[in-house]
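*Asks:* 3D, please:
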Amino acid sequence: MSDPTPVPPPPPPPVTPAPPAKGRGLGWFFAISGSIVLILTLGCILAVTEGNPAGEMGGVAILCGSPTLILGGVFLWLGSRRLKR
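*Replies:* As a prediction, this is how the structure comes out:
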(Lines give C-alpha, C1' and ligand atoms only; values in the text may rest on other atoms or scores of the structure.)
Protein backbone atom coordinates (compact mmCIF):
# COMPACT_ATOMS: atom_id res chain seq x y z
CA MET A 1 0.00 0.00 0.00
CA SER A 2 1.18 3.42 -0.76
CA ASP A 3 1.29 6.24 1.76
CA PRO A 4 -1.66 8.64 1.62
CA THR A 5 -0.84 12.04 0.31
CA PRO A 6 -0.26 14.51 3.15
CA VAL A 7 -3.02 17.02 3.77
CA PRO A 8 -1.82 20.58 3.21
CA PRO A 9 -1.96 22.81 6.29
CA PRO A 10 -4.93 25.18 6.53
CA PRO A 11 -4.37 28.67 5.22
CA PRO A 12 -3.47 31.32 7.82
CA PRO A 13 -6.35 33.40 9.13
CA PRO A 14 -6.96 36.64 7.25
CA VAL A 15 -5.12 39.62 8.67
CA THR A 16 -7.45 42.48 9.48
CA PRO A 17 -5.94 45.93 9.03
CA ALA A 18 -5.35 47.98 12.16
CA PRO A 19 -8.07 50.52 12.84
CA PRO A 20 -7.14 53.99 11.70
CA ALA A 21 -5.61 56.21 14.35
CA LYS A 22 -8.09 58.56 15.94
CA GLY A 23 -7.62 62.09 14.75
CA ARG A 24 -6.41 64.54 17.33
CA GLY A 25 -7.86 67.50 15.48
CA LEU A 26 -10.88 67.88 17.73
CA GLY A 27 -8.69 67.72 20.82
CA TRP A 28 -6.46 70.47 19.49
CA PHE A 29 -9.52 72.52 18.55
CA PHE A 30 -10.89 72.28 22.10
CA ALA A 31 -7.52 73.01 23.72
CA ILE A 32 -6.75 76.05 21.55
CA SER A 33 -10.31 77.40 21.72
CA GLY A 34 -10.38 77.01 25.50
CA SER A 35 -7.06 78.79 25.86
CA ILE A 36 -8.19 81.67 23.65
CA VAL A 37 -11.49 82.05 25.53
CA LEU A 38 -9.69 82.05 28.89
CA ILE A 39 -7.10 84.62 27.80
CA LEU A 40 -9.69 86.94 26.25
CA THR A 41 -11.97 86.66 29.28
CA LEU A 42 -9.16 87.45 31.68
CA GLY A 43 -8.20 90.38 29.48
CA CYS A 44 -11.77 91.69 29.51
CA ILE A 45 -11.96 91.33 33.29
CA LEU A 46 -8.74 93.31 33.65
CA ALA A 47 -10.01 95.96 31.21
CA VAL A 48 -13.33 96.39 33.02
CA THR A 49 -11.65 96.67 36.40
CA GLU A 50 -8.95 99.00 35.00
CA GLY A 51 -6.18 96.60 36.02
CA ASN A 52 -7.32 96.24 39.63
CA PRO A 53 -9.51 93.10 39.98
CA ALA A 54 -9.78 93.72 43.74
CA GLY A 55 -11.29 97.19 43.15
CA GLU A 56 -14.95 98.22 43.25
CA MET A 57 -15.82 96.63 39.87
CA GLY A 58 -13.91 93.40 40.61
CA GLY A 59 -16.91 91.48 41.89
CA VAL A 60 -19.11 92.47 38.97
CA ALA A 61 -16.39 91.61 36.46
CA ILE A 62 -15.80 88.18 38.01
CA LEU A 63 -19.54 87.52 38.23
CA CYS A 64 -20.15 88.52 34.61
CA GLY A 65 -17.01 86.77 33.35
CA SER A 66 -17.53 83.52 35.22
CA PRO A 67 -19.67 81.80 32.52
CA THR A 68 -16.99 82.32 29.91
CA LEU A 69 -14.26 81.35 32.37
CA ILE A 70 -16.15 78.10 32.98
CA LEU A 71 -16.65 77.57 29.24
CA GLY A 72 -12.96 78.15 28.53
CA GLY A 73 -12.00 75.79 31.34
CA VAL A 74 -14.33 73.07 30.09
CA PHE A 75 -13.00 73.40 26.54
CA LEU A 76 -9.42 73.23 27.80
CA TRP A 77 -10.27 70.18 29.92
CA LEU A 78 -12.02 68.42 27.01
CA GLY A 79 -9.09 69.15 24.71
CA SER A 80 -6.54 67.81 27.16
CA ARG A 81 -8.60 64.63 27.70
CA ARG A 82 -8.89 63.99 23.97
CA LEU A 83 -5.18 64.60 23.41
CA LYS A 84 -4.22 62.11 26.16
CA ARG A 85 -5.89 59.22 24.33
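
*Asks:* Now do residue 55 against residue 68, distance only.
*Replies:* In this view, residue 55 and residue 68 are 20 Å apart by C-beta to C-beta, to the nearest Å. (Glycine included, C-beta is placed from N, CA and C.)

*Asks:* Neighbour count for these two, which is higher?
*Replies:* Legend: neighbour count by other C-beta atoms under 10 Å for residue 55 and residue 68, higher for residue 68 (16 against 12).

*Asks:* ok, now which ones touch that one?
*Replies:* Applying C-beta atoms under 8 Å, 6 or more residues apart in numbering to residue 68 gives the contacts 37, 40, 41.

*Asks:* what helix or strand does the second one sit in?
*Replies:* Which is residue 40. Residue 40 is part of helix 25-48, with elements assigned from DSSP states H and E.

*Asks:* Could I get the average pLDDT for that helix?
*Replies:* Mean pLDDT, computed over helix 25-48, is 92.

*Asks:* sorry, back to before: which of the contacts of residue 68 are buried?
*Replies:* 37, 41 (16 or more other C-beta atoms under 10 Å).
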